[in-house]
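Student: show me how the following folds:
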Amino acid sequence: MESPNGTARESRSKRKLANSPSSSALHRPSKHMRDDEYSDTISEGELFAEIEDRSGFAPTADLDLMDTDSPHLLLPPTAGMHDSAEWQRTIEKVVRNVVSIRFSQTCSFDTDSAITSEATGFVVDAERGYIMTNRHVVSPGPFWGFCVFDNHEECDVYPVYRDPVHDFGILKFNPKHIKYMPVAALTLRPDLARIGVEIRVVGNDAGEKLSILSGVISRIDRNAPEYGEGYNDFNTNYIQAAASASGGSSGSPVVNIDGYAVALQAGGSTEAATDYFLPLDRPLRALQCIQAGKHISRGTIQTQWLFKPFDECRRLGLTGEWEAAVRKEFPKEIGMLVAETVLPEGPADGLIEEGDILMKVNGELLTKFVRLDEILDDSVDQTVKLLIQRGGANVEIELQVGDLHAITPDRFLNVCGASFHDLSYQSARLYAIAVKGVYVCEPAGSFRFDGGGDKGWIILSVDHKKTPDLKTFTEVMSKIPDKSRVVVSYRHLRDLHTMHTSIIVIDRHWASKMRLAIRNDTTGLWDYTELAPALPPVPETPKKAQFIRLDYVSHPCASDLVRCFVRVHCTMPLKLDGFPTPRKAGFGLVVDAEQGLVVVSRAIVPTDLIDVTITIAESIVVEGKVLFLHPLQNYAVVKYDPSLVLAPVQSAKLSDKFLRQGAETIFLGFNQNHRVVVAKTAVTDITTVAIPANSVAPRYRAINVDAITVDTSLSGQCGSGVLADDDGTVRALWLTYLGERTHSGKDVDYHLGLATASILPIINQIRKGVIPKLRYLNVELNLVQMSQARIMGASEEWIQKVEEDNPERHQLFMVRKIECGKHQVLQEADLILSINGKVMTRITELDHLYDQEKLDMVIVRNKKEMRLEVPTVPTDDLETDRVIIFCGAVLHAPHHAVRQQISKLHSGVYVSARTMGSPAYQYSLVPTNFVLGVNGVKTPDLDSFLKEVVKIPDNTYFRLRVMTFDSVPFVISIKKNEHYFPTMEFVRQGDEWKRLTYDSHSGGPHDGEGIAAMSEFLEAS
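Tutor: Predicted coordinates:
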């Protein structure tokens, strides 16, 4: 980015991001945060995009634009203390017209991502209720927000205009809602912005306090600042001054001593006390058009111009005669407008070239952006004549002026969980490409490509059909049945040389409706229209395939074992149970080919609110469903229809014998390239482990399980596989275990073995058609060696029993943690000696207790031996079977991992995630919070919570009593927004999930989706 003195500096805008690290820490005691790496942000986009968890900062819009918003970085408002009485009188009048704007951009659109933020604006028409602020505040996409006046009266605002290029927009409020202070307007005087004029920037520091910063205008001819990728202003001069404004001051008025607004605060440098102000010529014209009820015409020839000084123009070919003529006509002028970028296929393509110097337009000598804008805006769909200098030669051209609004998207399509619109002039100008193509503004759902939530994809074709524009794309998508697998071709704006090709699965069941959202500048809302209904899936037909051969492998059993593996792919439509990613894939072991039963890690299949696809022989793809989820041992059982698979799939032979340390075994696994690797190895250790808890966001983890490690480096490279005997008998599964998240934000995976003898009893029941209803001991156990057991009070007699029972490992188990939510007999630090008369020296002893309601246990507590009758706990309620989405927050009953990690269950309503740009995000309803009550009514469970929230009228405030994970209570107020964030409920009914929507339009619950696009509740980050 170019700084005023020509050195490279970073620019920033003055919009404050709500819930940023610094502001969150200041607004809440540190205990609310629980972890230094946590901030109230995810996901950009979807409920995975858009939804974030407690794991860390989510991507935010325009990070290159942002400066830190910490109040400590703002200069204190000392200027007013030393100002003259005249300045003080001026400031007193101005501050009444300045408002703090608190707003959300509800979904990603064009160059902006879904965010919640704060900024500044000022009243420019008190009678009609118009507020001037920045375009990057008003945003090009869906917006909802309110403003707060100087006396802290609050009023809803909505956009009536955002300029396609320049950084200004206009909001509207109802003046009648301001009852306790007179509302006045600032007069716009762009003609008074001159070099040397003393100014004041009157804004808000995050709405907390008034910030009055002083400065002197030093330049009025600076080119628009470059903020990097994302929104950038261009084809205008900017005003420069040193005011040191910071986050939250976007949209502040820049006033002179007479109280006139002479410029609009827009951005600044992060490395110097330099601020950039937008001249008010074009904002004034737009305001006058709106006041007169006229259309705001905006013309373009799709060319970016830069203001360059005469010395640089001379090097580009400006002749002395023309320079003399210009200097004579404009004695104070120091430069000319030079073509910087000419967009292909635009009106100027082939006529204007980069480096051309603009001399005249329609015969008028011209050096200013303002005059060029005036001519183009008044000449839409008309012809203009330009005289340019190119390498010292005069070139006359004639071209048609286009409509700038026509190449600025005012609608988007939502389908398959993603959002699309025609490529905007903003994005095309940034990459110097033609203004055409279908842009993925919300890369989510089916269209979440390998780049994750990365924006900038242009769709070239879908299902081998070209999609040059949004209309064609809509037609193509409307004809593709649900669950179809189609080929998509696309490019990224940052690398248009490379075409990408992916096969995606069309999702028209979780996100069943195809909707077109169109901006309504009268209401300020985006109106949704339902388009083509989802076509039902095409019935699957049987297909043939062969597995690969491993002739090169020295272990004959490997070729047979390969036929026991299938690839399992899981997609989560909602962010549940703290699981960090929306998609996971790995290999599962077929344990019954006749019934299509597959065992797979729970790091791949974490819940049953998912889509599962199974690929056999890397050729046949069939749908799967979840049959069983083990609560502790990190495996799930999924099923596919074997009648659709005409391939020699083989059932794995599972051993009922436990491996021993030092035993030789064959390791067969799948590496990161999905290639089979085989090695002869030995078991190095078998020890009881508990996967480390994720302290930031509780999520499923394996506990009380014996983990096997082997002596080969391949084990660390493979997340799926088996340990087998020479005859192919599988002795252990090799699984991925999801662990904790590091401070750098990386999720740790552990690769460990699980003995088949532990899972075989479960598998045998499922083979018989019985889904096991397990009971378990709801405690987390730790190994205790005999030296520790003696100190804890174990007698010599018991130590001798341990040595006799397990000659290989002299160990007992201690209760490390007790799950909350159930009546407890055991206590933490209890030393377990025996269960049902059997000395407890092996964790696998618990596998035989799944059907027992009570256990006879001998323990040592406080050095006293005692016998207890300990009830076991059913697993019926461990998995999430009901989800409520309210105000953009995902709520469900506290899942198993929460109960494992917390000491007291505060409520049955747990915040699992939230959507960027939602009321939950705006008002700081943070994931891992518990909701205790609504408007003074206690809500101990989801039923009572739903009963209360559906009573709340739309667009009204309500109170939530909330408890943090660390037991800190507080109360927040939230404003309901049903248009963009309807209340929805997902309920598991048997093997299926049913979706209900609650909104004021229907008067009660109804099937299907709400008004807002479903992508707002899908993964998107």
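Student: quick one: low-confidence parts of the stretch 901-1021 of the chain?
Tutor: The model of the stretch 901-1021 of the chain has pLDDT under 70 over residues 999-1021.
Student: helices of that one, residue ranges please.
Tutor: Taking DSSP state H, counting those that start in this stretch to define them, one finds helices in the stretch 901-1021 of the chain at 919-922, 942-949.
Student: ditto for the stretch 451-600 of the chain
Tutor: Ranges of helices in the stretch 451-600 of the chain, per DSSP H, counting those that start in this stretch, are 470-478, 557-562.
Student: right, and those - which one's nearest residue 822?
Tutor: helix 557-562 (41.5 Å; CB to CB). (C-beta placed from N, C-alpha, C; glycine too.)
Student: for the closest one, packing partners?
Tutor: strand 664-670, strand 676-689, strand 720-724 (3 or more CB pairs under 8 Å, 6 or more residues apart in numbering; DSSP states H and E).
Student: pLDDT score for the nearest residue to residue 277 once chain neighbours are set aside?
Tutor: With CB to CB, 6 or more residues apart in numbering as the criterion, residue 277 has its nearest non-adjacent residue at 3.6 Å, and that residue is residue 263. You'll see residue 263 listed with a pLDDT of 95.
Student: list the contacts for residue 263?
Tutor: Residues counted as contacts of residue 263 (CB atoms under 8 Å, 6 or more residues apart in numbering) are 190, 193, 199, 217, 239, 254, 277-280.
Student: distance of the nearest residue to residue 864 once chain neighbours are set aside from residue 867?
Tutor: In space, and not counting its chain neighbours, residue 864 is closest to residue 793: 6.7 Å by CB to CB, 6+ apart. Applying CB to CB, to the nearest Å, the value for residue 793 to residue 867 is 14 Å.
Student: and what of residue 436?
Tutor: Taken as CB to CB, the span from residue 436 to residue 867 is 79 Å.
Student: of those two, who's got more company?
Tutor: Neighbour tally, residue 436 and residue 867, criterion other CB atoms under 10 Å: the higher count belongs to residue 436, 15 against 10.
Student: doesn't that one lie inside a helix?
Tutor: No. According to DSSP: H, G, I helix; E, B strand; the rest coil, residue 436 belongs to no helix; its state is coil.
Student: isn't it right next to residue 422, touching?
Tutor: Yes. Residue 436 is within contact range of residue 422, at 7.4 Å (criterion: CB atoms under 8 Å).
Student: quickly list what's touching both of those two.
Tutor: Joint contacts of residue 436 and residue 422 (CB under 8 Å, 6+ apart) are residue 469.
Student: number of residues surrounding residue 980?
Tutor: Neighbours of residue 980 (other CB under 10 Å): 26.
Student: next, it: phi, psi?
Tutor: The phi/psi pair for residue 980 (degrees, to the nearest 10) reads phi -100, psi -20.
Student: domain boundaries for the protein, per the record?
Tutor: Annotated domains of the chain cover 85-292, 299-405, 409-532, 543-766, 775-874, 882-1020 [the TED database].
Student: look up how far residue 477 lies from residue 506.
Tutor: Counting by CB to CB, the gap from residue 506 to residue 477 is 8 Å.
Student: counting neighbours, what do you get for residue 364?
Tutor: Neighbour tally, residue 364, other CB under 10 Å: 12.
Student: tell me the bridge partners for it.
Tutor: Going by DSSP bridges, residue 364 is paired in beta bridges with residue 361.
Student: measure it to residue 924 for me?
Tutor: Distance from residue 364 to residue 924, by CB to CB: 55 Å.
Student: repeat for residue 575
Tutor: 18 Å.
Student: same check, this time on residue 127
Tutor: For residue 127, the distance to residue 924 - CB to CB - is 35 Å.
Student: comparing the two, which residue is more hemmed in?
Tutor: Counted by other CB under 10 Å, residue 127 and residue 924 do not tie: residue 924 has more neighbours, with 20 against 9.
Student: hmm, that one is touching residue 974, no?
Tutor: No. With contact defined as CB under 8 Å, residue 924 does not count as touching residue 974 (9.1 Å).
Student: and the residue nearest to residue 864, what does it touch?
Tutor: By CB under 8 Å, 6+ apart, the neighbours of residue 793 are 831, 860, 862-865.
Student: what do you get for residue 820?
Tutor: 899, 902-905.
Student: got TSV for those, with distance to residue 520 and neighbour count too?
Tutor: Output for the contacts of residue 820, formatted as TSV (distance: CB to CB, whole Å; neighbours: other CB atoms under 10 Å):
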residue	distance to residue 520	neighbour count
899	46	19
902	45	20
903	50	10
904	48	9
905	45	17
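Student: quick one: which of the residues you listed is nearest to residue 732?
Tutor: Among those, and counting by CB to CB, the member closest to residue 732 is residue 899, at 28.8 Å.
Student: surely the closest one is in a strand?
Tutor: No. Counting by three-state DSSP, residue 899 is not found in a strand; it is helix.
Student: close enough to count as contact, it and residue 821?
Tutor: Yes. Here residue 899 reaches residue 821: they are 5.1 Å apart, a contact under CB under 8 Å.
Student: which of the domains of the chain is buried the deepest?
Tutor: domain 85-292 (a mean of 22; mean count of other CB atoms under 10 Å).
Student: can you map out the strands along the stretch 551-700 of the chain?
Tutor: For the stretch 551-700 of the chain, the strands defined by DSSP state E, counting those that start in this stretch occupy 565-571, 583-592, 597-601, 611-616, 620-629, 635-640, 645-646, 664-670, 676-689.
Student: right, so of these, which gets closest to residue 357?
Tutor: Of all the strands of the stretch 551-700 of the chain, strand 583-592 comes closest under CB to CB, at 52.3 Å.
Student: quick one: contacts of the closest one?
Tutor: Looking at what lies outside strand 583-592 - CB under 8 Å, 6+ apart - the contacts are 448, 564-572, 596-601, 603-606, 614, 637-638, 649-652, 654, 670, 674, 719-722, 730, 733, 736, 763, 767, 1019.
Student: so how far is that strand from its chain's centroid?
Tutor: In terms of CA atoms, centre = their mean, to the nearest Å, the centre of strand 583-592 is found 27 Å from the chain centre.
Student: what strands line up against it, and which way round?
Tutor: Assessed with DSSP bridges, strand 583-592 is paired to strand 565-571 (antiparallel), strand 597-601 (antiparallel).
Student: still on that earlier bit, inside strands: which ones of the contacts of residue 263?
Tutor: 199, 217, 239, 254, 277-279 (DSSP state E).
Student: can I get those in a markdown table including pLDDT and distance to residue 139?
Tutor: Listed next are the ones in strands among the contacts of residue 263 as a markdown table, based on pLDDT from 0 to 100; distance: CB to CB, whole Å:
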| residue | pLDDT | distance to residue 139 |
| --- | --- | --- |
| 199 | 93 | 27 |
| 217 | 93 | 28 |
| 239 | 94 | 23 |
| 254 | 95 | 22 |
| 277 | 93 | 20 |
| 278 | 95 | 16 |
| 279 | 96 | 21 |
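Student: out of these, flag the one nearest to residue 494.
Tutor: Nearest to residue 494 among the ones in strands among the contacts of residue 263: residue 278, at 27.7 Å, using CB to CB.
Student: doesn't residue 123 lie inside a helix?
Tutor: No. Assessed by three-state DSSP, residue 123 does not belong to a helix; its assignment is strand.
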